[in-house]
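Asker: Predicted coordinates and the sequence they were generated for:
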Amino acid sequence: MDRHDEFSLRRSRLLDRLREARASAFLTTALPNVRYLSGFTGSNAALLVTPDRALLFTDPRYQTQAPQESDCEVKIAKGPFSKEISRWFKRLHLKSIAFEENRISFSDFQLFHEAAGTVRWKPMNGAVEELRMLKSPAEIATIKASVHLNSAALEQALRRFRPSMTEVDLAAEIEYRMRRLGADGPAFETIVASGERSALPHARPTDHPISPDRLLLVDVGATVAGYASDMTRTLAVGKLSPKLRRMYRAVLESQLAAVDAVKPGISCGAVDRAAREVLRGYGLDALFIHSTGHGLGLEIHERPRVGRKERMKLQPDMVITIEPGAYQEGLGGIRIEDTVVVTSHGCEILTPTGKELVVL
């Protein structure tokens, strides 16, 4: 399928939702959704979609780039966006507009509301995000490339690991390797946490040296052609205590059980339960303090959420992470995370990095 044909198909699917909402048009100012529907990658944009037209609004910095990337009608706003877009509300004789109230700031909405006059505004949250849950073959291929680059960056950085390195040193080395391999950049701030700090699920790297005979948790993600990857590995720096080795074995079995549970028709909550049941058998379930995973794509956290009470059922072509963990304050934490794509019979693990405990 031609690249522009795919964007046109996405917009046609959105129009089905628009008809259900009985709105004349759909407006988004959320850049990931603008990119998904139009192909435009700039940092300032809005997209107005009607049954007959798709108008991409941006500023003069992108007057050359926007027509090259997008098949939409490009409108360059030389003044405030709200005024330029509102003029088109009137030109197109729009009576009602569906919008994403969870994606637009209150001040921007006020400006649109005041400038648009009698237009009726209809909240339509999550419509584009629902479409984004099911990835096209091209999207899956791009995510796979992102995942493989991510793994290669970590592998190259670990070859340069020295016990005297700080957490910040290792994080910087990983992100440098990503860039060298061709990534747009990191998908999020790289997490490197050693020793007791590994018990902080979202620890920020510090200038403390990475200590011997401790855990080292590394959560890393790259962005390639706009698409994110996500992987966590927990490593041993030297010799670990039997307690930490047992904890690692428990988390690994938990992660494998959750991956094995992934298949079309199973609820996200059931996948989460598969991970927790293994940790419960080890008496560690209370140390698992976050959800088992999440969708990813143009954003690092997308639908669906793989958590305790999530009833949404998995479908083929959803891309999710599986990342159970156990965190004990004063001792350390372990998390093992892969990116997987749901297939017609189960799932394919995209992450090539091994999961057996590596000793540095």
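Answerer: It's in.

Asker: Stretch 218-230 spans what distance, first to last residue?
Answerer: Start and end residues of stretch 218-230 are separated by 11 Å (C-alpha to C-alpha, to the nearest Å).

Asker: Can you give the distance of it from its chain's centre?
Answerer: A distance of 8 Å separates the centroid of the chain from that of stretch 218-230, by C-alpha atoms, centre = their mean, to the nearest Å.

Asker: If you average the pLDDT over that stretch, what comes out?
Answerer: Per-region confidence: stretch 218-230 scores 98 on mean pLDDT.

Asker: Residue 168: what's its closest spatial neighbour, skipping adjacent residues?
Answerer: What sits nearest to residue 168 in space, not counting adjacent residues and going by C-beta to C-beta, 6 or more residues apart in numbering, is residue 205, at 4.6 Å. From N, CA and C alone the C-beta is placed, and that goes for glycine too.

Asker: what's the answer for residue 113, then?
Answerer: The nearest residue in space to residue 113 (C-beta to C-beta, 6+ apart) is residue 121, at 6.6 Å.

Asker: who's the one you found bridged to?
Answerer: Under the criterion DSSP bridges, residue 121 forms beta bridges with residue 97.

Asker: what's near enough to touch residue 121?
Answerer: Residue 121 makes contact with 96-97, 99, 109, 112-113, according to C-beta atoms under 8 Å, 6 or more residues apart in numbering.

Asker: ok, now how distant is it from residue 141?
Answerer: 38 Å (C-beta to C-beta, to the nearest Å).

Asker: pLDDT value on residue 95, please?
Answerer: 92.

Asker: So how do I select the buried members of the contacts of residue 121 in ChimeraX?
Answerer: Selection of buried members from the contacts of residue 121 for ChimeraX, criterion 16 or more other C-beta atoms under 10 Å:
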select :97,99,112
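
Asker: now the helices for the stretch 251-360 of the chain?
Answerer: In the stretch 251-360 of the chain, the helices defined using DSSP state H, counting those that start in this stretch lie at 268-281.

Asker: now swap in the stretch 1-150 of the chain and tell me
Answerer: 3-21, 31-38, 65-69, 81-91, 106-116, 127-133, 137-159.

Asker: Which of those sits closest to residue 52?
Answerer: helix 3-21 (9.9 Å; C-beta to C-beta).

Asker: Check what contacts that closest one and list those residues.
Answerer: 1, 25-26, 36-39, 49, 51, 54, 70-72, 98, 122, 124, 127-128, 130-131, 136, 138.

Asker: tilt between the helix or strand bottoming out on mean pLDDT in the chain and helix 81-91?
Answerer: Least confident element among the helices and strands of the chain, by mean pLDDT, DSSP states H and E: helix 106-116 (a mean of 81). Note on geometry: by axes from the mean of the first three to the mean of the last three C-alpha atoms, to 10 degrees, helix 106-116 and helix 81-91 are set 40 degrees apart in direction.
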